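> Sequence first, predicted coordinates after that:
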Amino acid sequence: MRVKDLAKMLKVSAETVRFYTRKGYLSPTKSPANGYKEYGPKDQARMRFILSARALGFTVNDIGEILAVADKQNAPCPVVRMLIEQRLMETEAQFKATEELRNRMRTAVREWSGLPDEEPTGHMICHLIENFTKNTTGGERNE
């Protein structure tokens, strides 16, 4: 099947299929008749695996590592377990940072609800943000 057919079957864009082909994760053959890349059952299975792994939070590089182990006929499960633990720790850290951001936003909404609107001055663009940042961080932020 051609790239557009595989993409349609798996409900992804043709560019997604091409991306994983360029990464070397899919190995289509070239049709001698028309030069089109033809994806077979192995490519279909690998693409399904890739999509499942991405849905679990594995990175593109993680997937390459897993496929490399599997391509050598070795069990990739130990690598998968190690990688999912790393991704979970990263996700937990991101979640914590997101919770902290949500709390700052809630505080801002609460504090700003009673403050007046002010026009920009030579020193401030929006007093809400600038005073809030100074009050919550003790100074300027470098993000």
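Looks like it arrived, so ask away.

> Show me how far the longest helix anywhere in the chain is from its chain's centre.
The single longest helix within the chain, with elements called by DSSP state H, is helix 77-112. Its chain's C-alpha centre and that of helix 77-112 lie 14 Å apart, by Cα atoms, centre = their mean, to the nearest Å.

> Give me the buried stretch members for that helix, please.
By 16 or more other Cβ atoms under 10 Å, the buried positions in helix 77-112 come out as 79-80, 83-84. The way it works is simple: take the backbone N, C-alpha and C, and place the C-beta from them, glycine included.

> Remind me what it packs against, helices and strands.
In terms of contacts (3 or more Cβ pairs under 8 Å, 6 or more residues apart in numbering; DSSP states H and E), helix 77-112 is packed against helix 60-71, helix 127-137.

> pLDDT on that helix, on average?
Averaged over helix 77-112, pLDDT sits at 97.

> domain assignment for this structure?
1-41, 56-112, 116-143 (automatic domain parsing).

> got JSON lines for those, with distance to residue 47 too?
Below are the domains of the chain laid out as JSON lines (distance: least, Cβ to Cβ, whole Å):
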{"stretch": "domain 1-41", "distance to residue 47": "6"}
{"stretch": "domain 56-112", "distance to residue 47": "11"}
{"stretch": "domain 116-143", "distance to residue 47": "37"}
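
> Between the ones you listed, which one is closest to residue 49.
domain 56-112 (7.9 Å; Cβ to Cβ).

> centre of the chain versus that closest one, how much separation?
9 Å.
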